[in-house]
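> I'd like to go over a predicted model; first the sequence, then the structure.
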Amino acid sequence: MRILKKASVVYVSDAEDEMIRSLHMIPAHSIEQALVLAKSMVKSDNPSVTAIPDGVAVMVVADGNS
């Protein structure tokens, strides 16, 4: 949940959009749709994105360059 305080999370899945929104994330149903959303959110054709294929099993550790 801490990541949601620092970044917008676009969640790619087949889950219902309202369920994803209730978890304070932005729903997308494909990687392509997620990239379109990311580009529009930061108003850039080259946004910085991080893909986490199996987010439940991954721990993200900041490298201190943020």
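Yes, it's here. Everything numeric in this text was worked out from a predicted model, so none of it was measured.
> buried stuff in the longest helix anywhere in the chain?
Looking across the chain with DSSP state H, the single longest helix is helix 31-42. Across helix 31-42, burial judged by 16 or more other Cβ atoms under 10 Å covers 34-35, 37-38. Quick note: C-beta positions are derived from backbone N, CA and C, even for glycine.
> Kindly format the C-alpha coordinates of the helix or strand of the chain with the lowest mean pLDDT as PDB.
None of the helices or strands of the chain scores lower by mean pLDDT, DSSP states H and E than helix 3-6, at a mean of 82. Extracted as PDB, the C-alpha positions of helix 3-6 are listed here (Å, rounded to 0.1, in the frame of the first residue of the first chain):
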ATOM      1  CA  ILE A   3       3.700   2.500  -3.100                       C
ATOM      2  CA  LEU A   4       0.300   4.000  -3.700                       C
ATOM      3  CA  LYS A   5       1.300   7.100  -1.700                       C
ATOM      4  CA  LYS A   6       4.200   7.700  -4.100                       C
END
